[in-house]
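[1] the following block contains a protein sequence and its predicted model.
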Number of protein chains: 4
Amino acid sequence: MIVVMDLEVGEKELQAVERVLHEYGYSCHLIRGEKRLVIGAVGAKQTEVPPALETMPGVEKVLQVMQPFKLVSREVKPDDTVVEAGTLRVGGGVVSVLAGPCAVESRTQLLDAARAVKAFGATALRGGAFKPRTSPYAFQGLLEEGLVYLQEAREKTGLAVVTEVINPVDVELVAETADVVQIGARNMQNFPLLKEVGQLRKPVLLKRGLSATVEEWLMAAEYIMSEGNYQVILCERGIRTFETYTRNTLDVSAIVLAKQLSHLPVIADPSHAGGHWRLVKPLALASLAAGADGLIVEVHPDPARALCDGKQSLTPEHFAELMVYVEKFLPVLGKKLWHGGVK
Amino acid sequence: MIVVMDLEVGEKELQAVERVLHEYGYSCHLIRGEKRLVIGAVGAKQTEVPPALETMPGVEKVLQVMQPFKLVSREVKPDDTVVEAGTLRVGGGVVSVLAGPCAVESRTQLLDAARAVKAFGATALRGGAFKPRTSPYAFQGLLEEGLVYLQEAREKTGLAVVTEVINPVDVELVAETADVVQIGARNMQNFPLLKEVGQLRKPVLLKRGLSATVEEWLMAAEYIMSEGNYQVILCERGIRTFETYTRNTLDVSAIVLAKQLSHLPVIADPSHAGGHWRLVKPLALASLAAGADGLIVEVHPDPARALCDGKQSLTPEHFAELMVYVEKFLPVLGKKLWHGGVK
Amino acid sequence: MIVVMDLEVGEKELQAVERVLHEYGYSCHLIRGEKRLVIGAVGAKQTEVPPALETMPGVEKVLQVMQPFKLVSREVKPDDTVVEAGTLRVGGGVVSVLAGPCAVESRTQLLDAARAVKAFGATALRGGAFKPRTSPYAFQGLLEEGLVYLQEAREKTGLAVVTEVINPVDVELVAETADVVQIGARNMQNFPLLKEVGQLRKPVLLKRGLSATVEEWLMAAEYIMSEGNYQVILCERGIRTFETYTRNTLDVSAIVLAKQLSHLPVIADPSHAGGHWRLVKPLALASLAAGADGLIVEVHPDPARALCDGKQSLTPEHFAELMVYVEKFLPVLGKKLWHGGVK
Amino acid sequence: MIVVMDLEVGEKELQAVERVLHEYGYSCHLIRGEKRLVIGAVGAKQTEVPPALETMPGVEKVLQVMQPFKLVSREVKPDDTVVEAGTLRVGGGVVSVLAGPCAVESRTQLLDAARAVKAFGATALRGGAFKPRTSPYAFQGLLEEGLVYLQEAREKTGLAVVTEVINPVDVELVAETADVVQIGARNMQNFPLLKEVGQLRKPVLLKRGLSATVEEWLMAAEYIMSEGNYQVILCERGIRTFETYTRNTLDVSAIVLAKQLSHLPVIADPSHAGGHWRLVKPLALASLAAGADGLIVEVHPDPARALCDGKQSLTPEHFAELMVYVEKFLPVLGKKLWHGGVK
């Protein structure tokens, strides 16, 4: 249920409305858009509307949200959410590029990658310290040591840092270093982890699960938002299909739908979607043409020696070419590349 | 096997080479590219190379094609194939838009649609006279009567006509009217039908099957080409996945891959892929950004009254908007809209 | 719409009812079950009920069929359909095994296979003369020559012959030899072919398309039945999924659902589903446990030399073992193996 | 790498071999089968074999494991693993039935369910206290309170308790109550959780992820075993496909393959696979026919009032019928129902 409030409503009236909603078992989320102030009232039993609610001072109208996702829904908040973290800004008419290696492998590798992606226009550095790997015998990441290098890379380059967390118990630790905490595809329905990052007051990058429907993806975002963290960036990274030429199948329709159904910003990961560096550029452009607010791209100083996902990583040179192309491409979409400066 | 010939080779030497290949059980396909002349030699047992072949006059070199598709492969013909039919031209740096109703429903409906799509920049008219429908009780098309209206629409507007054939026995009949004969997704592996349209010397639009791999799609094109018809346009129209928000999942990677692996032109059908008119524009742009050489779009004068696929059809007004957007969009890709005039 | 008639209704009353239904645009299908006689009235506009219909002599009641498939539906005919063709009988509490090579390769190969499968308990011989192959360069079958050998195999062994047709123009030719005409998975939505075999008065084995829903499969059967051919055997042969260990994924739920939703007999093809001979026995038993009325199994005298699908073919010895196991297995399901004798 | 040891090898020789393996970076897992004693030596770099290894006292031979999964592989341990927990026994020629409600909803509901499933032959009680739900607003389980009721149910009925854990931090807590700790489909690649339950010395029931390949499923089991917990039960519960009639598609081939590739016991969950109680019996039988070592079935005293998954839950009456049928069915497979008594 959404309670649309008078923009000029006083604190006292607001609290009175929230009190009534609490009595009826709702939890309240105050959402300030540019043109309206609403209370998102959510709860397990959402059918009962407190009788006098519509007549209370400050209440303009009461609406039921038809979608199973509530706080995520564009019905609740018609204007786009913009997520900001250090040099990074996602949503609101700009396109941002997050780049870096799949995994943090060493201090040198990370600093080289960071300098390169910074030089060519990225405004955030990606790099995994905790890696979810199919095999227990594969490289699992540098763990805390990786976080130290990420911290140093941020200090040296000024780039915002995006890194994945895979265990609820590590959320606080990772969030100390990360400007944006990433939830990977395999953890999209790891609900305790979603609840834990929902407690943060830092942006969360939520990758779509490899066989998650758009609705399940938005419900996962709802988990984070229902805990009070409204800074969620959605990321389409390809779904599992029967096709074997590509690692996954990039679902550009999901980008379009997520933007229509939700107010949250949406980025695309052409590296994981295609699984091959030769596919990165065309998939990146297709994602942007479909309306993506940004890209997250794997870049490695020496892909042939990468400990994971080398095949799909761009060299710094190829990344530079991609960025030139992206910057030239955006004006036709009415967007421009975010360089990290003032808005 | 590809036999690369000297561009200046004489007719006599060429015939000598073909004779030897025939003796070894190969059938020969002469493929003239801009920079080379090759004989595509195909057969069930492709391992044996006639011993003296490489030393014959006019033979530059002999190559084995690694891919299961041969004539379709870019290894055989590195430069893009351009398919032309009346006002239509597909491939070669231009983008063409084919548009019209799902089914021919009446003379008036078709002529109205044809005039509208012509006015806004389409260079071919699509419209089904023979409709493959899931239910035997659904409208099956106007059959021959539909062909008559398509013929009239071409005469009145000058548009090339694209229409589907679903039965080998009707191929000749349909080809009398059609400038481009369409093989629908359900018939992508209808091999007798593929062989029959392979006998034509008219372009064939080959839609990808709804669960066909890229390799199977290219093998279906190989069926047509191995019969001697080299004018094949590939069309990505979405694949079947677990997602239920969309009718199908547009696979933009397939566009990229088909362009890389093959020399044939590739277009996209954003109407069938998304299954909803609101998705047409973003999916069209995403397809073009991925490298598509054209679009095939459903346009109906009155979608609410359409006998099939009304939900995914654009009104003429929405089609006009799409075309304005497409034309504005193309220069950034180094392409321009094909208007049907001189190249 | 179903019009349930008095079992004792006279011919004149029956015709009067059919006449009225024709006037309202319905085509009529007379379906005699053990306990009731119904007219299946189908047409594109099925909403209008002739006003006096329920009061006409001989009419017991008029029912709307909720499912999109009508004649196929168990609502229309609650008792199981039994299909018979020579020595073969499918449905009605027995389990029948159809076996033989993927393709007819030579007279000797086929006769050897036929004698072997007959010896171990099959009551029909399968074998393709017209083969739908992914590559135009692969063995396409012996065509008419293959039919001659199938004819001879029937004469020598008494087995009913099941063979595939892939072109509407060949239906009559194939039906001269075949006791059961097979529609392969790739042709499940080849509607002209379905209509053509609907004209036959011989049983049709309809394989499920490799990404067809159960509903689409039953709608394909409806195409055949709506043309007047009521002898349809459904065949589950695995669907396309992301799994790569198996060729397809056997969908045993589809067997259960097809039996619940329809009165038609359902058999399973464990050879194509699993794609490996080691999987045939367990998948065969699982299919029978799920309620299948029979099996169609690939058996080749020398699988290592098979021109197609050798990997998934059983040797005669392994087939013999399978049959011993199946016969032992059936009583617990309240069924028995059909040996081709008297019922 | 597997080091096959002389069955009579002395402790000292064994330790010497392990010491050498540790020096080369391997971790050692001692696996005692009935006929052989092997050391499973696993590590990230598994290519290097200590030179003198094969000549050390007590070493019979050294084998490389070809599969990516090692400890899970039947190459390492040819004889079936049998998992035992209280009254429950899974594997080794018996079939066990685990049953109970989807979620623990109340003390009464759980005790009623427990008594019913016990009465009709189940040897373990399932019931979720921590529930992973798509929506944050759906019932999330009774949490610790649920564990208390499960504990009481075990005391009252003697049934082993199977319950899910979804957060690594709760593993110890859940394991205090649970006889078997369940990892749900959504957590199949929740690697920190897998490692945590790998630390337990209690059986783990590992459900296959809804779009996991068989190889990924076995790799998830490898995570648990590589931490030293060898008591893993695999559970097939249906995969996500395009079919919409069923909740998931039961993949019986996966049961066959898991049994062939691995020595671990495999059970099936026909309730989640089909998503409808009418499908439970046929899918249960199909799973057993494919080789499953047991079933896990949802039973609720009053499915119409269930807080989750009511549609797919059996009533106690239907469960009783299923058990009668299963017991009658097993002898033909050479198995019998496990009643919890002596073997």
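    Perfect, I can see it now. Numbers count the residues shown, from 1 in each chain, chains lettered A, B, ... in the order given.

[2] any idea how far residue A:20 is from chain B?
    35 Å (Cβ to the nearest Cβ, to the nearest Å). (Each C-beta comes from the backbone N, C-alpha and C, glycine too.)

[3] I misspoke; the intended subject was residue A:323.
    15 Å.

[4] just the element for that residue, please.
    helix A:316-329 (DSSP states H and E).

[5] which secondary structure elements does the helix or strand following that helix contact?
    Remark: after helix A:316-329, the chain's next helix or strand is strand A:336-337, criterion DSSP H and E. Counting contacts by 3 or more Cβ pairs under 8 Å, 6 or more residues apart in numbering or on different chains; DSSP states H and E, strand A:336-337 is packed against strand A:94-100, helix A:316-329.

[6] who touches the helix holding residue A:323?
    Helix A:316-329 has contacts (Cβ atoms under 8 Å, 6 or more residues apart in numbering or on different chains) with A:95, A:97, A:99, A:113, A:116-117, A:119-122, A:277, A:280-281, A:284-285, A:288, A:295, A:297, A:299, A:301, A:314, A:336-337, B:289, B:332.

[7] repeat that with 6 Å
    If you take Cβ atoms under 6 Å, 6 or more residues apart in numbering or on different chains as the criterion, helix A:316-329 is touched by A:116, A:120, A:121, A:281, A:299, A:337, B:332.

[8] likewise stretch A:299-315?
    Contacts for stretch A:299-315 (Cβ under 6 Å, 6+ apart): A:99-103, A:105, A:112-113, A:117, A:139, A:271, A:275-277, A:280, A:298, A:319.

[9] list only buried entries from those residues.
    A:99-103, A:105, A:112-113, A:117, A:271, A:275-277, A:280, A:298, A:319 (16 or more other Cβ atoms under 10 Å in any protein chain shown).

[10] show me those residues that map onto strands.
    A:99, A:100, A:298 (DSSP state E).

[11] thinking again about what came up before, nearest to residue D:133, of the helices and strands packed on strand A:336-337?
    Closest of the helices and strands packed on strand A:336-337 to residue D:133 is strand A:94-100, at 30.6 Å (criterion: Cβ to Cβ).

[12] tell me the secondary structure for the residue nearest to the spatial centre of chain A?
    The centroid of chain A falls nearest to residue A:233 when counting by Cα atoms, centre = their mean (2.1 Å). Classification of residue A:233 using DSSP: H, G, I helix; E, B strand; the rest coil returns strand.

[13] do you know how far the closest residue to chain B within the stretch 1-150 of chain A is from chain D?
    Of all residues in the stretch 1-150 of chain A, residue A:67 sits closest to chain B, at 11.5 Å by Cβ to the nearest Cβ. Note on residue A:67: its distance to chain D, by Cβ to the nearest Cβ, is 11 Å.

[14] tell me the contacts of that residue?
    By Cβ under 6 Å, 6+ apart, the neighbours of residue A:67 are residue A:73.

[15] enumerate the residues of the stretch 201-343 of chain A near chain C.
    Residues of the stretch 201-343 of chain A lying close to chain C by Cβ under 6 Å from any Cβ of the partner chain are A:240, A:242.

[16] could you redo the last one with a cut-off of 7 Å?
    A:240, A:241, A:242 (Cβ under 7 Å from any Cβ of the partner chain).

[17] show me how the record splits chain A into domains.
    A:2-63, A:83-337 (automatic domain parsing).

[18] okay, how far is it across the last one, tip to tip?
    Meaning domain A:83-337. Terminal residues of domain A:83-337 are spaced 15 Å apart (Cα to Cα, to the nearest Å).

[19] ditto for the shortest one
    When the termini of domain A:2-63 are compared using Cα to Cα, they are 5 Å apart.

[20] avg pLDDT for it?
    The average pLDDT within domain A:2-63 is 86.

[21] the stretch 51-200 of chain A: helices as residue ranges?
    Ranges of helices within the stretch 51-200 of chain A are A:107-119, A:144-157, A:171-177, A:191-199, based on DSSP state H, counting those that start in this stretch.

[22] show the end-to-end separation of stretch A:238-250, please.
    End-to-end distance for stretch A:238-250: 4 Å, by Cα to Cα.

[23] what does it contact?
    A:210-211, A:237, A:251, A:270, A:272-275, A:279, A:283, B:211, B:213-214, B:239, B:241, B:249, B:251-253, B:257, C:240-242, D:211 (Cβ atoms under 7 Å, 6 or more residues apart in numbering or on different chains).

[24] re the thing from before, can you select the buried ones among the contacts of helix A:316-329 for me in PyMOL?
    Provided next is the PyMOL selection string for whichever of the contacts of helix A:316-329 are buried by 16+ other Cβ under 10 Å:
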select buried, (chain A and resi 116+120+121+281+299+337) or (chain B and resi 332)
